[in-house]
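Asks: Just a sequence and a predicted model for now, questions to come.
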Amino acid sequence: MGYHAEYTASLQDPESYWLKAAEAIDWDVAPTQALFDRGDHIYEWFADTRVNTCYNAVDRHVENGRADQAAIIYDSPITGRKSTTTYAELQTRVAALAGGLAAKGVTKGDRVIIYMPMVPEALEAMLACARIGAVHSVVFGGFAANELAVRIDDCTPKAIIAASCGLEPNRVVAYKPLIDGAIELADHTPEFTVILQREENPCELGVNDVDWYDFQQGTTPAPCVPVEGTHPAYILYTSGTTGAPKGVVRPTAGHLVALNWTMKNIYDVDPGDVFWAASDVGWVVGHSYICYAPLIAGNTTVVFEGKPVGTPDASTFWRVISEHNVRSFFTAPTAIRAVKRDDPEGKLAANFDLSGLRALYLAGERADPDTIEWAQELLGKPVYDHWWQTETGYTIAGNPAGLEALPVKIGSPTVPMPGYDVQILDDAGHPLPAGELGAIVVKLPLPPGTLPTLWNAPERFKKSYLHAFPGYYETGDAGMIDDDGYLYIMARTDDVINVAGHRLSTGGMEEVLAGHKDVAECAVIGVTDQLKGQMPVGFLCLNTASKRDHAEVVAECVKRVRDQIGPVAAFKLAVVVDRLPKTRSGKILRGTMVNIADNTPFKMPATIDDPAILDEIKVALQSIGYAAG
């Protein structure tokens, strides 16, 4: 079946559709029913099953002839180290690590926090937890002690698995002091911490610390423990509007079924193909597409410890793709923009054989048309924008290239994926016609693998996602659907600004600004204006090669918005900055920039990459009359 037939089938008969997809998973107790309606808009998938994630990601491949295939390729341009781990080797390591955890009393249902850099052992830790039914919560390595403490108190882990340090291009981040500080701040105290000593910065072990290798000695390798289909595979914290993180729960069975389905249908890779998601295990992309989905589907996954630029230069992505014969490559638009900014003509890519690459996939933020067009021209391959969230765990809207490659419309992540009944509603909850901007929602039930609740916070789950539009999941994003059914993500709902009564998308203005030849990256925010309610302000990062006068570039950008969107946008103010404030995953912190402009209090975002950038933004805003001292 092509896309339209599959999509229709998934909405008309989700029971049959997902039971069919579930046949690709190896069950201890196979499902007899897919969807369970628990009332009050709460649903569960495959609740009558028993299954083990680690078995499906590792052991079954060893048993079915893939023992000697590469499971993990590790490539660290920061240390210069590379390694390959076969499925058989991965099984041995994971079983040993799980045996060590079990010997220390970790059992099914216990929580384990994983606080590690981009090394193969991070994936081994995740899989070891899954093997014995422990619930892992990966926290981005290097997160501040107080943020780690909040997560310790929320999920009350029996253990922490960590490394002695993480590595950035120009610095070493010692993890042990951060862990010790977090445990001191937290009310809950984990029983022990496992430390992987890295030669760049080994640490002194405390009384409750055990060495990664030593604590596995003399223990029995652990078998896979079957768990209920609704058993939490993991908890992943995402930022909440109140500042308190939300623990997204991932159910085991739906996670297996959905992720396995995506590898062929969306990413168009077959078992044995090399798949690379250039992200971090601390983010949902790292969970779904560095660790779980590629291994469940029998692919080879790349664990990359580096940056798109600076390790050593803007050619790193192309080297890794060429050297490891990557078939599908997934990264954030901000990473491609960083490469483009340092190498605007793409000359470095010519040094590498990229013929094995089938497609580039972009997600994590809006992919501006200029970035997509640049990558298309450079690579001569399809570039697919796709849209999803931490809460969903995989694509809401994308281009199902392995099922049926649909025509690309630049600026759109294409169409809703099977299981997602995506609709556009106005503030009162009424459906909007094609082409009109509104709140993007998904009619319940959500498909398998998406969040069924928040950890220890069922009422917060309902309030955050289900209350605004009864019967629908509120995505928090704004956009529209065109006459062909293509979805356009224009902004977060709170990034739709109201200028003199006109609802305008800051994302639409960013598209126009990004098309200027000197602009490498940009952001638009709505600042408070006494006359018009809100006024848009643009922030422009220029290409490193640009020598243009800043005032000229600003004037040209203002004219572009006026010409392409119209005077209604009231776009008159823009400022050139060296960089934009972002999270470590590449999302621009527009809300924080608004707080600075309007002189309103805000909590420093836990995920911010470099807090010093906020001072630079304040100075830039003051130069145009905002953010009074």
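Replies: Nice, thanks for sending it over.

Asks: Which residue ranges of the stretch 351-500 of the chain form helices?
Replies: Under the criterion DSSP state H, counting those that start in this stretch, the stretch 351-500 of the chain contains helices at 369-379, 401-404, 458-461.

Asks: Glu200 is nearest to which of those helices?
Replies: helix 369-379 (33.2 Å; CB to CB). To be clear about C-beta, it is placed using only N, CA and C from the backbone, and glycine gets the same treatment.

Asks: Remind me what the closest one packs against, helices and strands.
Replies: helix 333-342, strand 359-362, strand 383-385, helix 506-514 (3 or more CB pairs under 8 Å, 6 or more residues apart in numbering; DSSP states H and E).

Asks: Of these, give the one that comes closest to Lys176.
Replies: helix 333-342 (29.4 Å).

Asks: in the stretch 101-250 of the chain, which spans are strands?
Replies: Using DSSP state E, counting those that start in this stretch, the strands of the stretch 101-250 of the chain run over residues 111-115, 135-138, 159-163, 165-168, 171-174, 192-196, 209-211, 227-228, 232-238, 246-251.

Asks: Partner strands of the first one, with direction?
Replies: In this case it means strand 111-115. strand 135-138 (parallel), strand 159-163 (parallel) (DSSP bridges).

Asks: and the closest residue to Asp477 other than its chain neighbours, how far is that from Asp426?
Replies: Spatial nearest neighbour of Asp477, chain neighbours left out: Ile440 (4.7 Å); criterion: CB to CB, 6 or more residues apart in numbering. When CB to CB, to the nearest Å is the yardstick, Ile440 and Asp426 sit 12 Å from each other.

Asks: same thing with Gly254?
Replies: In terms of CB to CB, Gly254 sits 31 Å off from Asp426.

Asks: Among those two, which residue is more densely surrounded?
Replies: Gly254 (30 against 12; other CB atoms under 10 Å).

Asks: The more buried one sits in which helix or strand?
Replies: helix 252-265 (DSSP states H and E).

Asks: Tell me the spacing between Lys532 and Asn498.
Replies: The gap separating Lys532 from Asn498 is 8 Å, by CB to CB.

Asks: whoops, Arg38 was the one
Replies: 38 Å.

Asks: Over to Pro400?
Replies: Distance from Pro400 to Asn498, counting by CB to CB: 36 Å.

Asks: quick one, which of these two is more surrounded?
Replies: Pro400 (25 against 12).

Asks: what's the longest helix belonging to the chain packed up against?
Replies: Of all segments of type helix in the chain, defined using DSSP state H, the longest is helix 87-103. Helix 87-103 sits against strand 70-76, helix 120-132, with contacts defined as 3+ CB pairs under 8 Å, 6+ apart.

Asks: Save these as JSON lines, and put in distance to Val524 and mean pLDDT too.
Replies: JSON lines is the format used below for those (distance: least, CB to CB, whole Å; pLDDT from 0 to 100):
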{"stretch": "strand 70-76", "distance to Val524": "36", "mean pLDDT": "98"}
{"stretch": "helix 120-132", "distance to Val524": "36", "mean pLDDT": "98"}
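
Asks: quick one: low-confidence parts of the protein?
Replies: Low-confidence segments of the chain (pLDDT under 70): 240-243, 493-494, 500-501, 503, 628-629.

Asks: mind giving me the domain ranges of it?
Replies: According to automatic domain parsing, the chain comprises the domains 80-225, 500-622.

Asks: what about the residue of the chain positioned farthest from its centre, distance to Asn146?
Replies: The centre of the chain is farthest from one residue, Leu531, which by CA atoms, centre = their mean lies 38.6 Å away. Distance of Leu531 to Asn146, given as CB to CB: 41 Å.
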